[in-house]
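A.B. asks: One predicted model, sequence on top.
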Amino acid sequence: MPTGRLGETLRVSVTEAQFTAHRRTDDAHLVKLHGAIGQPDTIVLTGSDYARARAERRAMMDNLRNELAGGGFLFVEFSLSDPNFNTIHDDLRLVHGMNMPASYTVQGRRNSIKERYLRSLDVNTVWLDGWNQLPDFLTRINPRSEEI
């Protein structure tokens, strides 16, 4: 089992069954909504895959919805173009409007088109001059974190 900081066990969920079993623990939990290379049948690439994932990973999707509604998020190099994520995000924005917690994304290079798109989603963007600045940025926002 992979470990996180201070030897904490990191549970990894790729399937709905794994997610259901792992969320009953207090361990750190990494949820891979788009599958894993080691489990090729779980990988989400096409429109049909996204639809299948929505149907087969309901608890995982509901968890993402609850997490987004309950607190702020930091997305690192996430394009925010995932159809399942956008459906959840749009639903939450309709329900919560201005009361939705702030979300942030870290992007490697400034892009005016992407910047406009992210602003339309009410996502605050932190632009880095390159990905080599990411470890320093993460340390600055969480000084107690270990180096990546």
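C.D. replies: Yes, it's here.

A.B. asks: Flag every buried residue along the least confident helix or strand in the chain by mean pLDDT.
C.D. replies: Confidence across the helices and strands of the chain bottoms out at strand 73-76, with a mean of 77, counting by mean pLDDT, DSSP states H and E. Under the neighbour-count criterion of 16 or more other Cβ atoms under 10 Å, strand 73-76 has 73, 75 buried. Quick note: C-beta positions are derived from backbone N, CA and C, even for glycine.

A.B. asks: cool, and stretch 109-117?
C.D. replies: K114.

A.B. asks: can you give me the strands in the protein?
C.D. replies: 10-13, 28-31, 73-76, 103-107, 123-127 (DSSP state E).

A.B. asks: Columns distance to D91 on top of these, output as JSON lines?
C.D. replies: Shown next, in JSON lines, are these (distance: least, Cβ to Cβ, whole Å):
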{"stretch": "strand 10-13", "distance to D91": "22"}
{"stretch": "strand 28-31", "distance to D91": "19"}
{"stretch": "strand 73-76", "distance to D91": "15"}
{"stretch": "strand 103-107", "distance to D91": "14"}
{"stretch": "strand 123-127", "distance to D91": "16"}
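
A.B. asks: And those strands, which one averages the lowest pLDDT?
C.D. replies: Here the strands of the chain differ in mean pLDDT, and the lowest is strand 73-76 at a mean of 77.
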